[in-house]
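Q: Turn this into a model:
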Amino acid sequence: MKDLMATRERWPRWTRLIFTVLVLLVLWLLANSGAARATEPKAPASQTISEGQAIYEQRCAACHGLEGDGAGSAAVNLDPRPRDFRRGWYKIRTTASGQLPTDEDLFQAIARGLPGTTMPGWEGLLSGEEIRAVAEYIKGFSQRFSRETPALAEVGPKVDAGPESIARGTEIFSGPEAECIKCHGLAGRGDGPSADELTEDSFGDTIVPADLTMPWLFRGGPTVDDIYMRLKTGLTGSPMPSYAQVLSDEELWHLANYVDSLAPDAPLERQAVITAVRVEGNLPTDANAEAWLDATDYYYPLVGQIMREPRNFTPSIKGVWIRALYNERELALLVKWHDRFEDNGAEGEAADALAIQFPAELAESDERPYFVFGDAANPVNLWVWDAASQMVEERNSRGLGTDAAQANQNVQGTASFADGEYTLIVRRTLNTSDSEDIQFVLNHFIPIAFMAWDGWRGEEGAIGAVSSWYLIYLEQPVPLITYAWIPVAVVVTVMLEGWIVWAVRRKQPGEQFEEST
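A: This is a model prediction of the structure:
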């Protein structure tokens, strides 16, 4: 500073004057820009709340109710039920156990929605300002927001997800420290020994432990950071506690790393076509056979059947995994789906079941039957397995409630259940003499769809989960003789080039002799 002042004193007087004026001008501009920012008009709180109320009543009240009590006109069909905002209880937060969410927590919940529930994400439909206005409005339903100030939960240093961390997380998951296995089960599919002892949470919802192998349905997000935060803060109003006082931050990260290792954050990319793999010899009946492991695994989500009465808005089965093999005689499908409890329909109760659906006959056009059990003009061929009979039965249907067993049964199948997962292998000859059967034609795109029912939740008939139509394709292998022309063509080409070179060279001496004479 002294050097600057000394340099300034050596400047000519007019230079010092200009310098001083410039400094004063800069200071004046800074002061006025700060004042402008400080006095920049903002929407009054009342205006923001009024805007939020208008959006809420138009977009949210049908589920959450005009009074924010979670008792809107559509609430009766939803499971879990819409949040009762009056209590000020929120499961997905970045604040300590029992505390209110931050404004940002509310914003993210509204913007992104809650996967696995009927709460959609409004990002893209509402602007950021509109979403914040709605968040501000719903805070008014609970007096807690006027009395309490939430504080962010402290996040400990992140631990890399190496083998040692995952191994330690496995110990914590299965051991007495956290006892996660009691609810979430050995494989993490929500089928632990205590899972069926849970009844309702503090919100009145049926309690179902999360299937940790389907993280894309985690309401708070699928990433390891999201999982850590749920472990740290717990889920208010549910049996899922905060482990902040039980495990150290390092242990929380180990546990989060293990849970994160159970499955990718997103499901397999949905493919329109299932390509069946051609195998030689008999089709394997063991799901662990090498041929099945080499086949492509496809995933298809299921949604509730809400097109016809009775409707199912919140199905239990969320998706199916499928692989396909065929040989010169048969087609075989391996289907897996998650179901927390094995229900065989004892004492007249509903039984677990799965159906694979095809059109009864292949149309030359792209027209397909109605995807829920077909229609009067376009029947469907169903391969139905249920846990009561432990058998696969062929049925035909021309609409919901019309399905009936075929006179001739050509499908065979076996199923097993372990750790909250069913595995079904079903097979049938490619072509039959039965006019009610779908006939599998090679090099043809054949429509296929899936349905599933969870007996524990009382699902049966129309009350189940369905998929839309997809396609299965049995590719005709190209005979080896088709490729034989390639090496032959190469040999012929080489020989032809060699003959041309030989002929040219043979002719050149004569030409040279003629030119010399």
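Q: and Leu354, which of the three is it?
A: strand (DSSP: H, G, I helix; E, B strand; the rest coil).
Q: quick one: the strands in the stretch 201-350 of the chain?
A: Ranges of strands within the stretch 201-350 of the chain are 273-278, 298-301, 303-304, 319-326, 330-338, based on DSSP state E, counting those that start in this stretch.
Q: So for the last one, what gets flagged as buried?
A: This means strand 330-338. Leu331, Ala332, Leu333, Leu334, Val335, Lys336, Trp337, His338 (16 or more other CB atoms under 10 Å). Glycine gets a C-beta too; all of them are placed from N, C-alpha and C.
Q: ditto for the first one
A: Along strand 273-278, the positions that meet the burial threshold by neighbour count (16+ other CB under 10 Å) are Ile274, Ala276, Val277.
Q: Switch those residues over to a markdown table; also include pLDDT.
A: Shown next, in a markdown table, are those (pLDDT from 0 to 100):
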| residue | pLDDT |
| --- | --- |
| Ile274 | 98 |
| Ala276 | 98 |
| Val277 | 96 |
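Q: closest to Asp84 among the buried residues of strand 330-338?
A: His338 (29.3 Å; CB to CB).
Q: I figured the closest one was touching Asp419, is that so?
A: No. Here His338 does not reach Asp419: they are 9.5 Å apart, not a contact under CB atoms under 8 Å.
Q: Find the residues that touch each one of those two.
A: Residues touching both His338 and Asp419 (CB atoms under 8 Å, 6 or more residues apart in numbering) are Arg189.
Q: Quick one, grab the pLDDT at the residue most central in space within the chain.
A: Computing the C-alpha centroid of the chain and ranking residues by CA atoms, centre = their mean puts Trp216 first, at 4.1 Å. Looking at Trp216, its pLDDT reads 97.
Q: same check, this time on Phe313
A: Note for Phe313: predicted pLDDT of 89.
Q: Tell me how far it lies from Ser73.
A: According to CB to CB, to the nearest Å, Phe313 and Ser73 sit 13 Å apart.
Q: Mutual contacts of the two, please.
A: By CB under 8 Å, 6+ apart, no residue touches both Phe313 and Ser73.
Q: Compare the two (neighbour count), which wins?
A: Neighbour count, other CB atoms under 10 Å: between Phe313 and Ser73, Phe313 has more, with 15 against 11.
Q: tell me, how many neighbours does the closest residue to Ser202 other than its chain neighbours end up with?
A: Excluding the flanking residues, the one nearest Ser202 by CB to CB, 6 or more residues apart in numbering is Gly237, at 3.8 Å. For Gly237, the count of nearby residues is 18 (other CB under 10 Å).
Q: Run through the residues that contact Gly237.
A: Counting by CB under 8 Å, 6+ apart, Gly237 has contacts Arg87, Trp89, Lys91, Asp201, Ser202, Phe203.
Q: Just the buried ones from these?
A: Arg87, Trp89, Lys91, Asp201, Phe203.
Q: Tell me which residues of stretch 468-479 come out buried.
A: So, applying 16+ other CB under 10 Å, buried residues of stretch 468-479: Trp469, Tyr470, Ile472, Tyr473, Leu474.
Q: Tabulate the residues you listed (TSV), appending pLDDT, distance to Asp211 and secondary structure.
A: Supplementary listing: the buried residues of stretch 468-479 in TSV, determined by pLDDT from 0 to 100; distance: CB to CB, whole Å; DSSP: H, G, I helix; E, B strand; the rest coil:
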residue	pLDDT	distance to Asp211	secondary structure
Trp469	98	26	coil
Tyr470	98	23	strand
Ile472	98	27	strand
Tyr473	98	30	strand
Leu474	97	32	strand
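Q: Which one of the residues you listed is nearest to Ser174?
A: The shortest approach to Ser174 among these belongs to Tyr470, at 37.5 Å (CB to CB).
Q: What residue, apart from its backbone neighbours, is nearest that closest one spatially?
A: In space, Tyr470 is closest to Ile448, 5.6 Å off (CB to CB, 6+ apart).
Q: Can you spell out which helices and strands pack onto the strand or helix carrying that neighbour?
A: Element membership of Ile448 [criterion: DSSP states H and E] is strand 445-453. Other elements packing on strand 445-453 under the criterion 3 or more CB pairs under 8 Å, 6 or more residues apart in numbering; DSSP states H and E are strand 319-326, strand 353-359, strand 465-466, strand 470-474.
Q: Check the offset of the shortest one from the chain's centre.
A: Translated: strand 465-466. Here the centre of strand 465-466 is set off from its chain's centre by 15 Å, with CA atoms, centre = their mean, to the nearest Å.
Q: and that strand, what other elements does it pack with?
A: strand 303-304, strand 445-453.
Q: Quickly compare these and say which is most buried.
A: strand 445-453 (a mean of 22; mean count of other CB atoms under 10 Å).
Q: Please compute how far that strand lies from its chain's middle.
A: Between the mean C-alpha location of strand 445-453 and the chain-wide mean there is a distance of 19 Å, by CA atoms, centre = their mean.
Q: Direction included, what does that strand pair up with?
A: Within its sheet, strand 445-453 is paired with strand 353-359 (antiparallel), strand 465-466 (antiparallel), strand 470-474 (antiparallel), according to DSSP bridges.
Q: Which of those strands sits closest to Asp105?
A: That would be strand 465-466 among these, by CB to CB, at 30.8 Å.
Q: Tell me which residues are up against that closest one.
A: Taking CB under 8 Å, 6+ apart as the rule, strand 465-466 contacts 302-305, 312, 315-318, 371-372, 449-453, 459.
Q: domains of the chain?
A: With automatic domain parsing as the criterion, the domains of the chain are listed as 2-38, 45-147, 163-261, 273-474, 483-517.
Q: isn't Arg428 right next to Val411, touching?
A: Yes. Counting by CB under 8 Å, Val411 is a contact partner of Arg428 at 4.6 Å.
Q: Tabulate the domains of the chain (a markdown table), appending distance to Val155.
A: Below are the domains of the chain laid out as a markdown table (distance: least, CB to CB, whole Å):
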| stretch | distance to Val155 |
| --- | --- |
| domain 2-38 | 31 |
| domain 45-147 | 9 |
| domain 163-261 | 7 |
| domain 273-474 | 30 |
| domain 483-517 | 59 |
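Q: among those, which gets the worst mean confidence?
A: Among the domains of the chain, domain 2-38 scores lowest, with a mean of 47.
Q: Got the phi and psi for Leu106?
A: Torsion angles at Leu106 (phi, psi; degrees, to the nearest 10) stand at phi -60, psi -40.
Q: Excluding sequence neighbours, find me the nearest residue to it.
A: That would be Ala135: by CB to CB, 6+ apart, it lies 3.9 Å from Leu106.
Q: quick one: the helix or strand hosting the one you found to chain centroid distance?
A: Assessed by DSSP H and E, Ala135 sits inside helix 128-139. Remark: helix 128-139 is offset 27 Å from the chain centroid, using CA atoms, centre = their mean.
Q: Run through who's touching the helix or strand following it.
A: For helix 128-139, the following helix or strand on the C-terminal side (DSSP H and E) is helix 144-147. If you take CB under 8 Å, 6+ apart as the criterion, helix 144-147 is touched by Gly88, Leu100, Lys139.
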